[in-house]
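In: Need the 3D shape of this:
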Amino acid sequence: MAPEATAVVVDLVDGLGISTVGAVAKIREARPQFPVVLWCERDAARNCSLTDFAAAGVSAIVFRDEAALESRLLSAITGASDVAFRQLTDQAIHRRVPIALAPVVRFCLDQAHGLPRVEAVARAVGMSPRALAYQLKRAGLPPVSTLVMWSKALVAAYRLERSTESVAVIARSLGFASGSALRRLLKRSANETPQALRGPGGFGWVLRCFERRIGKNVRR
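Out: A predicted model of the protein is given here:
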């Protein structure tokens with residue numbers, strides 16, 4: 001596997017017709033947190049034990065006949081958990097966010113590849129949209145829409161520093177229509193360009209900007 005690869009997409013079988021379950025297992029053993037997406041025909045999957053692939057460690061399954069295929073594939077890759085990213089952002093949440101509202105910020109970070117509306121976030125944390133908006137304002141935290149945009153900026157910065165993915169690919173996987181939209185977000189959030197954030201410490205800088213922003217008016 002190339003060291004600069006950011007994910008592996010496999011079919012049910014390789015070019016010789018041999019099941020890729022073993023290959024998935026080997027990738028998972030070598031790179032426990034590496035995204036491995038199974039991309040296959042829906043009909044072929046019916047005649048195959050997807051349980052074996054799940055046990056081998058695939059991160060997501062995407063069928064070729066799905067609508068918005070590119071978006072679905074990119075979201076599957078983006079959504080595969082990255083332990084380092086989660087640990088670093090969890091630490092920031094612990095330092096800056098009241099315990100009762102930490103799940104709200106965590107949900108926005110985990111759903112950064114989409115555009116979760118306040119209703120979805122509220123439902124995920126067991127509140128009504130009105131109650132959630134009130135609790136965020138009362139704690140001095142930004143509204144959900146701002147938290148979602150910060151989440152996208154953090155994911156983008158992490159991938160810019162840790163991978164060779166193009167700005168356009170990262171932008172599309174995070175729901176932006178173009179790389180320019182992502183560039184504007186990073187400029188607005190951290191006053192930096194994607195190129196600058198590719199260097200060592202790029203993600204750390206955006207994370208510090210995020211902490212300063214959410215901690216500015218926070219009341220615990």
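
In: is it true that Ser180 lies in a helix?
Out: Yes - per DSSP: H, G, I helix; E, B strand; the rest coil, Ser180 lies within a helix segment.

In: need the strands for this protein, in chain order.
Out: 8-10, 36-40, 60-63 (DSSP state E).

In: and of these, who's closest to Thr164?
Out: With C-beta to C-beta, the closest approach to Thr164 among the strands of the chain belongs to strand 8-10: 14.9 Å. Yep, even glycine has a C-beta here, placed from its N, CA and C like the rest.

In: Now Leu109. Nearest residue, chain neighbours left out?
Out: Among residues not flanking Leu109 along the chain, Ser151 sits closest, at 4.6 Å (C-beta to C-beta, 6 or more residues apart in numbering).

In: so what's the one you found up against?
Out: Cys108, Leu109, Gln111, Ala112 (C-beta atoms under 8 Å, 6 or more residues apart in numbering).

In: Might you list the low-confidence residue ranges for this protein?
Out: 1-7, 33, 65-83, 217-220 (pLDDT under 70).

In: Longest helix in it, please.
Out: Counting by DSSP state H, the longest helix found in the chain is helix 144-162.

In: how about it: buried residues?
Out: Using 16 or more other C-beta atoms under 10 Å as the burial criterion, the residues of helix 144-162 that qualify are 144, 147-162.

In: now stretch 190-201
Out: Ala190, Glu192, Pro194, Leu197, Arg198.

In: ok, now stretch 23-36?
Out: Val24, Ala25, Ile27, Arg28, Phe34, Pro35, Val36.

In: Likewise for stretch 40-52?
Out: Cys40, Ala45, Cys48.

In: Same check on stretch 179-191?
Out: Result for stretch 179-191 [16+ other C-beta under 10 Å]: buried residues Gly179, Leu182, Arg183, Leu185, Leu186, Ser189, Ala190.

In: mind listing which of the residues you listed are in helices?
Out: Per DSSP H, the subset of these in helices is Gly179, Leu182, Arg183, Leu185, Leu186, Ser189, Ala190.

In: Need the contacts of Ser151 in TSV (columns: distance to Leu207).
Out: Below are the contacts of Ser151 laid out as TSV (distance: C-beta to C-beta, whole Å):
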residue	distance to Leu207
Cys108	14
Leu109	11
Gln111	18
Ala112	14
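
In: So which of those residues is the closest to Ala60?
Out: For the contacts of Ser151, the nearest to Ala60 is Gln111 (14.6 Å; C-beta to C-beta).

In: Please report phi then psi for the closest one.
Out: phi -110, psi 20 (degrees, to the nearest 10).

In: for it, what are its contacts?
Out: Ala120, Val121, Val148, Ser151.

In: how much space between it and Arg130?
Out: 20 Å (C-beta to C-beta, to the nearest Å).

In: same check, this time on Asp14
Out: The value you get for Asp14 to Arg130, if C-beta to C-beta is used, is 53 Å.

In: how is this protein carved up into domains?
Out: 8-79, 83-215 (automatic domain parsing).

In: returning to that earlier point: just give me the closest of the buried residues of stretch 40-52 to Gln87.
Out: Looking across these and measuring by C-beta to C-beta, the closest to Gln87 is Cys40, at 32.2 Å.
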